[in-house]
Structure formats: structure tokens, C-alpha cells
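Chemist: here are the coordinates; sequence isn't available:
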């Protein structure tokens with residue numbers, strides 16, 4: 001029996017200012033598998049510099065680029081004037097148009113669909129970004145009403161880097177038209193934007209207009225927020241039942257664009273999404289878990305920017321895959337990729353791609369470290385991380401456990417040994433084992449090396465230099481995994497080296513990190529001030545949650561209880577206890593203000609993963625309790641980016657979603673928890 005794709009529907013009865021605000025705050029996003037995407041507010045009012053119908057993923061050094069910012073649409077009824085669809089933000093605030101009234105938004109198999117009431121007609125609009133292409137289709141169809149409507153749609157552009165300034169428009173822009181094919185050409189290095197309309201009695205009119213926009217979210221975040229868009233002309237076509245109209249915009253070749261019709265593109269994408277569900281874990285094929293499987297698909301990409309990497313992979317019979325850490329502004333980060341790997345690929349049946357990802361990152365190991373991140377449009381990574389490499393061991397362990405792929409494990413074992421040896425001997429950024437106690441220390445002036453990595457204007461907000469609790473938990477777990485793999489490969493002598501190092505770290509950890517006064521773990525010992533940091537943070541959970549827990553079982557309940565009491569919220573864990581003097585309840589304001597709160601109380605959705613793992617170890621019989629711990633995310637799927645999970649949340653009610661509207665490790669860890677707690 002074929003699976004029924006998940007659906008999520010939002011409806012409303014009026015177009016009040018409150019509804020306009022709500023629909024402008026909620027967003028949608030679809031991705032093309034290359035790192036490019038299409039996104040916006042449900043109301044159709046751009047509020048971010050990232051809102052665009054086509055953000056293309058282009059080869060280095062360009063990277064991702066905004067090519068089609070938005071469309072404005074009007075409908076002419078028989079014997080009636082033009083009625084606008086969507087809404088606008090003017091001097092009087094946000095406003096939804098009454099003539100083309102937005103009555104419904106829904107996701108069908110994760111794909112966005114709008115319904116508008118236009119007189120006696122109901123019109124549907126669908127946006128589709130073609131998989132592995134920089135091509136977007138916007139399709140309009142009549143689902144209720146008899147007669148012929150005249151659709152007018154006007155494309156607006158400002159070619160720029162997708163994180164670039166919104167000032168402009170750049171240009172000049174030239175239009176080259178040959179028959180039904182129209183090319184909009186801007187300045188170098190951007191490719192032409194190729195646009196055409198498919199529908200009855202269509203036409204293109206060259207008539208330029210300019211519009212000023214204010215991106216209100218960017219303004220609230222302290223970024224450049226005022227700019228211009230330009231429209232060289234507009235399209236018209238007849239619209240009636242059974243005769244849809246599709247606007248296609250792309251920077252692919254005309255041959256590629258013409259290879260698939262709008263109807264065939266929809267069918268192909270629906271089939272692709274059905275396959276994603278069919279290959280997923282049985283517990284992830286329906287309901288919220290199925291929605292998360294489709295949300296996870298947005299993050300697993302074939303990076304379009306790194307041609308040399310692809311050539312190397314192809315030479316060995318591989319493909320390149322990586323993980324976008326979050327939309328809209330993150331690229332691929334090593335830490336996020338390794339934490340997300342199980343949820344994004346192993347639970348979704350994408351085992352082959354998981355292998356590609358692990359082998360891709362193994363190629364980039366330098367001095368015992370995998371890259372922390374790949375900057376936009378660049379081919380080489382940055383290595384300032386103390387934990388991403390240790391998470392690499394954990395991800396590989398999960399991969400081998402699920403797939404049984406011993407070939408990849410044997411291929412990577414030499415790399416894993418060089419990593420472990422580099423940590424024992426000492427490597428970049430002060431990452432080294434302290435010979436006095438066998439614990440792993442890290443820290444270099446001006447660098448943020450743990451996952452709590454906020455930095456602004458040279459200020460490292462949470463430096464955590466010294467021996468951080470989760471770094472040592474991950475280090476111990478990695479040594480235990482490596483030793484086990486070596487013993488399985490009949491290398492007892494090699495295994496013994498790492499077993500000795502692991503046991504020494506375990507003994508020292510339990511002597512040094514336990515805080516008997518607070519009855520939980522120090523966050524950092526031997527910190528840069530020469531003391532131990534007593535802050536209650538979620539990092540201590542990894543001493544319990546990892547497959548090889550470094551913390552003695554006698555302390556598990558106390559540590560878990562402290563985290564539950566001080567850090568747990570309906571949408572993840574606070575990054576710092578409210579009892580701490582540096583606690584910040586809200587993640588809001590300009591960059592410096594936000595970064596000051598980023599890991600100082602702000603709630604992180606992904607931390608629900610280690611919390612659930614720890615709960616299942618400490619309270620194995622309390623299944624209903626741990627299920628309640630993730631219930632708050634159900635309502636969140638209607639907020640922020642509908643159908644996905646945000647990066648962070650305010651630390652106090654109503655726990656407003658902040659940061660990236662769709663975050664890889666948030667989606668991955670929630671999906672993993674959902675499957676763990678609701679197995680079939």
C-alpha cells in the first residue's frame with residue numbers, strides 16, 4: 001500500500017492586521033538539493049533579505065545568489081478591474097489584499113500551496129523548485145469558478161550575493177527576447193535569469209518599474225534593510241479551469257529548462273518525495289515524523305560550489321554530499337553535519353549519502369581535525385573547532401551500526417588513528433591531552449572552539465577555554481569507539497593504546513568534573529582563570545547520553561535532575577540556567593545583543609536529543625514522561641518556517657522561535673527522538 005504524503009493546513013476567516021502580522025511572521029521554504037532555495041512569508045510580503053523565489057547555488061567563487069526576488073500578481077475578472085493577490089507593507093503597516101483574499105496555506109508533501117478567493121473564483125498558487133536545478137516554477141490554477149481570468153505577473157530582481165546588501169538595484173539590466181524565451185542580464189559575474197510563461201494567450205510587455213522595500217526582520221536584527229527592486233516588464237496569460245499558467249525562472253540552459261514541463265515537474269517531485277517516505281524508517285513514514293523526513297531533505301545537498309571536490313570523488317567512484325546547517329544563512333558545518341547525520345540520513349534511508357558525507361569530510365582532515373565550516377563560495381574549510389572531529393567518530397559509529405559498511409570503516413581507520421594521535425600529541429588551537437591528568441584541553445586567544453561559539457567584533461562570548469565537559473565526554477567516547485574497531489580488526493596492540501588513554505581520562509573526569517556542592521558537573525575545569533566553571537549548562541548531559549558515557553552511573557540521576565529542573569523547556573534546553581548572573585531570557589536585537597544571549601540562556605532545539613538519550617538511561621521505565629518532553633514541538637511546526645524546526649528560541653514563555661527558521665540538527669534530533677519514542 002502506498003503511503004499518503006503528510007499535509008499541514010492553515011486557514012483563517014479575516015484579513016485583519018493581526019492576521020496579516022501572523023502570516024507575515026510565518027514562513028515557507030523549499031530547497032533544490034544544491035544549496036539553493038525558494039522562500040518567503042506566507043503573506044507574500046518580503047521581510048528578510050533572504051526572501052526570494054530563486055536563490056541559486058552557483059559555482060565558486062560566486063556561491064549562492066539571489067536572482068528572482070519576488071512576483072507581484074493581479075487578476076482581472078470578467079467585466080471587473082484588477083485585483084491584487086497577497087499583501088504589502090505600507091505606511092499604515094501590514095495589509096492583506098481584500099480583492100484577492102488569501103484564505104488558506106498548506107503544505108502537501110512539504111510543498112507550499114496558497115488559496116485565494118477572487119470574487120466567485122478560488123485560485124491556487126504552487127511554488128516548486130526543481131530538484132538539482134536552479135529553476136523555480138510558480139503555477140496558478142482555477143479550482144472553483146467558471147469563466148476566464150486574465151493573470152498579470154511581474155518579476156522583481158536585484159542580482160546579489162544572498163547575504164549581500166539589499167541596496168540597489170544593481171544593473172543596468174538588459175532584456176533579450178527570442179520568441180517565448182526572455183533573458184534578463186545583469187552585471188558580472190551573475191548568469192542570465194531566463195524567464196518564460198506557459199499558458200494560454202500569453203504575452204510579455206517590456207515596461208520597467210522600480211519599487212522600494214523595507215525588510216523589517218533585517219531591521220530588527222541590525223542589518224542593512226532598505227533597498228530597491230527593479231522589474232523590466234510583466235507577463236500576462238489567460239487562466240481558467242483546466243488551463244493553468246506557470247511562470248518559470250531559471251539560470252539553467254534553455255535546453256535544461258525545456259526538458260521537463262510544469263506538470264511533469266510536479267509529478268516528478270511528488271514521486272521523489274513519495275520515495276523519500278517509502279525508504280525512511282517505518283516509524284517515520286506517517287504523521288509528524290513523515291513531515292520531518294521531508295524537512296530533513298532540505299539539508300542534504302550536492303554542493304554546487306566545489307567542482308574540484310566533485311572531481312576527486314568521481315575519480316574514486318563516489319559522489320559529494322554535505323549538509324546545510326540551516327536556512328537561510330548557514331553553509332555546511334562539520335559539527336552540525338556529524339550531529340545531524342543519523343537523523344537526516346540514517347533514519348531516512350539515505351545510507352549511501354551518509355557514506356558519501358563521511359568520506360567527503362575524511363578527505364578534509366588536517367592535523368587531526370575536520371573542518372568547522374566551509375565559507376560561502378569557497379572550496380577550502382576553516383578548522384577552528386574542538387568537537388566536530390570527535391562528533392565524526394560518533395557519526396561513523398551510528399553509520400556502521402545501521403549499514404554494516406565495514407569497507408568504509410576499514411578505509412577510514414587510518415584517518416581515525418591519525419586524529420586520535422594528533423589529539424594525544426597536541427594539534428592546532430591548543431587542542432591537546434594534558435599529560436598531568438589525561439583530559440583534553442582546548443583554547444586559543446580569539447577563537448571559539450566549542451559549539452558555544454558566538455563571536456562578534458573580536459569578542460568571544462563564551463570562550464570556555466580549558467577542559468570543557470562535553471569535549472572530554474566526546475573524547476572518551478571516540479577513544480572507546482576507536483579501540484573497539486581496532487580490536488575487531490585484530491589489532492589488539494593498537495587498541496590497547498587508546499584504551500589506556502580512555503581509562504585515564506575517565507578516572508580524571510570523575511575526580512575533576514563532579515561538583516559536590518551543586519551536585520552536577522562543572523562546565524569547564526582548569527579554565528583560563530585557573531579555576532572551575534560551576535555554570536549549569538546542558539553540555540554535561542553528554543557525559544551520560546553518548547554510547548560510552550564517561551560519567552560514573554552514581555551521578556547520573558543528580559546531573560539529569562539538575563538539567564531537567566533548570567534547563568528544560570517545551571522546545572529544547574536552555575543553554576544556561578536562569579540562576580546564573582549572565583542569563584539572558586531573550587534572543588533579540590542587533591548582532592552584538594543577540595550573540596550576548598546566544599549561549600547564555602537561549603533555548604536550542606537540538607539539545608532535546610541528548611536530553612532524551614539521558615532520560616532513557618536514567619529513567620528507562622518512564623516512557624510517557626519522555627514523550628511529553630517533545631510534545632511542545634508539535635505546535636511549533638505551525639510557526640516560524642511551517643513544517644520545519646527553528647534553530648533557537650527565547651528562554652522564557654512564549655518561547656518565541658528565533659535564529660534560522662529551519663535548522664538541520666533541530667530537525668534531525670527531533671526526528672531521531674520521535675522514532676526512538678514511537679517505534680513501530
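Modeler: Right, received. Where do you want to start? These figures come from a predicted structure and were not determined experimentally.
Chemist: switch to C-alpha atoms for all contacts and neighbour counts from now on
Modeler: Will do.
Chemist: which residues touch the closest residue to residue 240 other than its chain neighbours?
Modeler: Sequence neighbours aside, residue 148 is the residue nearest to residue 240 in space, at 4.9 Å (criterion: CA to CA, 6 or more residues apart in numbering). Contacts here follow CA atoms under 8 Å, 6 or more residues apart in numbering; on that basis residue 148 touches 77-78, 238-240.
Chemist: so how far is residue 80 from residue 148?
Modeler: From residue 148 across to residue 80, the span is 12 Å (CA to CA, to the nearest Å).
Chemist: and for the two, which residues touch both?
Modeler: In contact with both residue 148 and residue 80: no residue, using CA under 8 Å, 6+ apart.
Chemist: re earlier: for the contacts of residue 148, pick the one with the most neighbours.
Modeler: Compared across those, residue 239 has the highest neighbour count, 24 neighbours, by other CA atoms under 10 Å.
Chemist: got the buried residues for stretch 70-84?
Modeler: If you call a residue buried by 16 or more other CA atoms under 10 Å, then stretch 70-84 has these buried ones: 70-77, 82-84.
Chemist: and the contacts of it?
Modeler: By CA under 8 Å, 6+ apart, the surrounding residues in contact with stretch 70-84 are 51-53, 85-86, 97, 99-100, 118-119, 147-157.
Chemist: what about the helices in the stretch 451-600 of the chain?
Modeler: Ranges of helices within the stretch 451-600 of the chain are 469-488, 492-512, 542-545, 556-567, 591-597, based on DSSP state H, counting those that start in this stretch.
Chemist: so can I have a markdown table of those helices showing distance to residue 455 and mean pLDDT?
Modeler: Listed next are these as a markdown table, based on distance: least, CA to CA, whole Å; pLDDT from 0 to 100:
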| stretch | distance to residue 455 | mean pLDDT |
| --- | --- | --- |
| helix 469-488 | 19 | 98 |
| helix 492-512 | 28 | 98 |
| helix 542-545 | 24 | 98 |
| helix 556-567 | 23 | 98 |
| helix 591-597 | 7 | 91 |
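Chemist: which of those helices sits most buried?
Modeler: helix 542-545 (a mean of 25; mean count of other CA atoms under 10 Å).
Chemist: need the contact partners of that helix.
Modeler: Contacting residues not belonging to helix 542-545 are listed as 469-470, 473-474, 549-551, 556, 610-611, 613-614, 617 [CA under 8 Å, 6+ apart].
Chemist: just the closest of the residues you listed to residue 29, please.
Modeler: Here the nearest of the contacts of helix 542-545 to residue 29, counting by CA to CA, is residue 610; it sits at 27.3 Å.
Chemist: does the residue located most distally from the centre of the chain count as helix, strand or coil?
Modeler: Computed with CA atoms, centre = their mean, the maximum C-alpha offset from the centroid of the chain is found at residue 79, amounting to 46.9 Å. Per DSSP: H, G, I helix; E, B strand; the rest coil, the secondary structure class of residue 79 is coil.
Chemist: could you do the one 4 residues further on as well?
Modeler: Reduced to three states with three-state DSSP, the structure at residue 83 is strand.
Chemist: from residue 154, how far out is it?
Modeler: In terms of CA to CA, residue 83 sits 14 Å off from residue 154.
Chemist: for residue 37, name its beta-bridge partners.
Modeler: The bridge-partner assignment for residue 37, based on DSSP bridges, gives residue 31, residue 55.
Chemist: do you know how far it is from residue 411?
Modeler: Taken as CA to CA, the span from residue 37 to residue 411 is 34 Å.
Chemist: between the two, which is the more surrounded one?
Modeler: residue 37 (29 against 12).
Chemist: and the pLDDT for the more buried one?
Modeler: Per-residue pLDDT puts residue 37 at 98.
Chemist: OK, contacts around it?
Modeler: 29-31, 53-56, 129.
Chemist: return the residues in contact with residue 426.
Modeler: Residue 426 makes contact with 432-433 under the criterion CA under 8 Å, 6+ apart.
Chemist: between the buried residues of stretch 70-84, which is closest to residue 569?
Modeler: Distances from residue 569 to those, taken as CA to CA, are shortest for residue 70 (36.9 Å).
Chemist: for the closest one, phi and psi?
Modeler: Comment: the main-chain dihedrals of residue 70 come out as phi -160, psi 170, following degrees, to the nearest 10.
Chemist: and the closest residue to residue 477 other than its chain neighbours, how far from residue 431?
Modeler: Nearest in space to residue 477, with sequence neighbours left out and distances taken as CA to CA, 6+ apart, is residue 548 at 5.1 Å. Distance of residue 548 to residue 431, computed by CA to CA: 21 Å.
Chemist: same thing with residue 196?
Modeler: 55 Å.
Chemist: perfect, I'm done here.
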